[in-house]
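Undergrad: heads up, no residue letters with this:
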């Protein structure tokens, strides 16, 4: 994650030249002389994207008690004058919340990646800046900068570690170092004395057909990602599956708390809304708003709550959010920030797709026609985000999109800690193991391992939701699993 907090000149947590923290108000680094004023200033306004939200679901019939879910057909346009949000099966992967065709964009981006030459140095004035927040993530110069613990969390690439985590010693947790000693209440192994990794350093959860894995990675000192997976039933008794993934903003205070609060609030909101028959796209919109309010509330806590994070007290807690809901043969995605959702069909000969569009500096430069994709993503500001949840965010702009797949596939919900190592839809599909549809937990473990093998520069979180379609009568192109 990358963000900046100031409404005028962003405050850097580290000097980009030597990684030393500059003093407040410094224009040049006192250690190496780096020009800190080179960071682009936040403009007074920012582009907006329309929110696509369908009408609410009808009330249940009083005479029959509970009515089957009958979501109303989407209007031709909504108040933002964008196309109807719910698409026909042939429209997969459909459009984003601004009404632009994601499939076409993915193809264009792929062509740019293959054909564009190495970008030449930009001469002349830089493109207009957009509101960004800059991450303090930098290539560590040594152990003193990495903040890594001496003992890392169990490596999801190692089956032995996974087996050990699933079978703790009688009466307590099993040590991840010696795999034989019990862990005392203070968090140390009674056999070898090793301090154990924190609970959030590596998390796994499997719930029916949905599974998620989150890992601290190899460079960060803590895991600032969080997730929530759950399931419920719609009023007609059909199932609904939910996956929420949040990425804490490293340059903000208490990013780990922000991501956890957002994931929990969004999950609870979705479960409540879906159970009472709210259209799942409307439910996703409301869930993002609820998550935003939960993160905003963290900024209102007393200053003493941030004493453990003294260097970040100037920034309000913040995170990004991405989520997916499978309900009533629909796939709903929602997001704010640069975490993503990918569609990987079960038949790998069929086209894959990215279903979300980043709130990032690079994406806005490309959308505005100021740079081509190769130039934008080669810039050091490429991954600076332009949308987030937090008290210091500008106007909240939840993005939602609805799809009705006509074939089975796998929904991949992930943070940039994964997609940095598999950015295009084709690269992501290649990284997904062949049996992920039947074993989503193992698939998520393999994907986290893919990011760690690539360098593990960031926290890594991924949730997998296998999507099955039901027969729709004779002549249907749908398949079953």
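TA: Right, received. Where do you want to start? On a predicted model such as this, the values are computed, not experimentally measured, just so you know.
Undergrad: helix, strand or coil for residue 462?
TA: strand (DSSP: H, G, I helix; E, B strand; the rest coil).
Undergrad: whoops, I mixed them up, residue 271
TA: Following three-state DSSP, residue 271 is assigned to helix.
Undergrad: just the element for residue 395, please.
TA: Using DSSP states H and E, residue 395 sits in no helix or strand.
Undergrad: now for it, how many residues are close by?
TA: 7 (other C-beta atoms under 10 Å). To be clear about C-beta, it is placed using only N, CA and C from the backbone, and glycine gets the same treatment.
Undergrad: next one: residue 434
TA: A count of nearby residues for residue 434, using other C-beta under 10 Å, gives 9.
Undergrad: ok, now residue 288?
TA: Residue 288: 28 surrounding residues under other C-beta under 10 Å.
Undergrad: ok, it touching residue 398?
TA: Yes - assessed by C-beta atoms under 8 Å, residue 288 is found in contact with residue 398 at 3.8 Å.
Undergrad: which residues are in contact with both of these two?
TA: Taking C-beta atoms under 8 Å, 6 or more residues apart in numbering as the contact rule, residue 288 and residue 398 both touch 334-336.
Undergrad: as TSV, these with secondary structure, pLDDT and distance to residue 261 would be great.
TA: What follows is these, written out as TSV (DSSP: H, G, I helix; E, B strand; the rest coil; pLDDT from 0 to 100; distance: C-beta to C-beta, whole Å):
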residue	secondary structure	pLDDT	distance to residue 261
334	strand	98	17
335	strand	98	17
336	strand	97	14
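Undergrad: identify, from the residues you listed, the entry nearest to residue 203.
TA: Ranked by distance to residue 203 (C-beta to C-beta), those are led by residue 335 at 20.9 Å.
Undergrad: outline the domain layout of the protein.
TA: The chain breaks down by automatic domain parsing into domains covering 41-58+71-117+129-135+199-467, 154-196.
Undergrad: low-confidence ranges in the stretch 151-300 of the chain?
TA: Within the stretch 151-300 of the chain, the stretches with pLDDT under 70 are 151-172.
Undergrad: quick one, helices of it?
TA: 159-166, 255-275, 280-298 (DSSP state H, counting those that start in this stretch).
Undergrad: tell me the most buried of the domains of the chain?
TA: Using mean count of other C-beta atoms under 10 Å, the stretch among those with the greatest mean number of neighbours is domain 41-58+71-117+129-135+199-467 (a mean of 21).
Undergrad: surely residue 239 and residue 209 touch.
TA: No - using C-beta under 8 Å, residue 239 is not in contact with residue 209; the gap is 9.2 Å.
Undergrad: which neighbours do those two have in common?
TA: Counting by C-beta under 8 Å, 6+ apart, residue 239 and residue 209 have no contacts in common.
Undergrad: dump the helices of the stretch 151-300 of the chain to a markdown table, plus distance to residue 340.
TA: Converted to a markdown table, the helices of the stretch 151-300 of the chain look like this (distance: least, C-beta to C-beta, whole Å):
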| stretch | distance to residue 340 |
| --- | --- |
| helix 159-166 | 26 |
| helix 255-275 | 16 |
| helix 280-298 | 15 |
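Undergrad: looking at the ones you listed, which is nearest to residue 362?
TA: Smallest distance to residue 362 across the helices of the stretch 151-300 of the chain (C-beta to C-beta): 21.6 Å, for helix 255-275.
Undergrad: so which elements touch that closest one?
TA: strand 225-233, strand 239-248, helix 280-298, strand 318-327, strand 389-390 (3 or more C-beta pairs under 8 Å, 6 or more residues apart in numbering; DSSP states H and E).
Undergrad: now do that helix and strand 318-327, the angle between them.
TA: Between the axes of helix 255-275 and strand 318-327, defined by axes from the mean of the first three to the mean of the last three C-alpha atoms, to 10 degrees, the angle is 30 degrees.
Undergrad: returning to that earlier point: Throw the shared contacts of residue 288 and residue 398 into TSV and include distance to residue 260, thanks.
TA: Below are the shared contacts of residue 288 and residue 398 laid out as TSV (distance: C-beta to C-beta, whole Å):
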residue	distance to residue 260
334	18
335	18
336	16
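Undergrad: of the residues you listed, closest to residue 420?
TA: For the shared contacts of residue 288 and residue 398, the residue nearest residue 420 by C-beta to C-beta is residue 335; the value is 16.6 Å.
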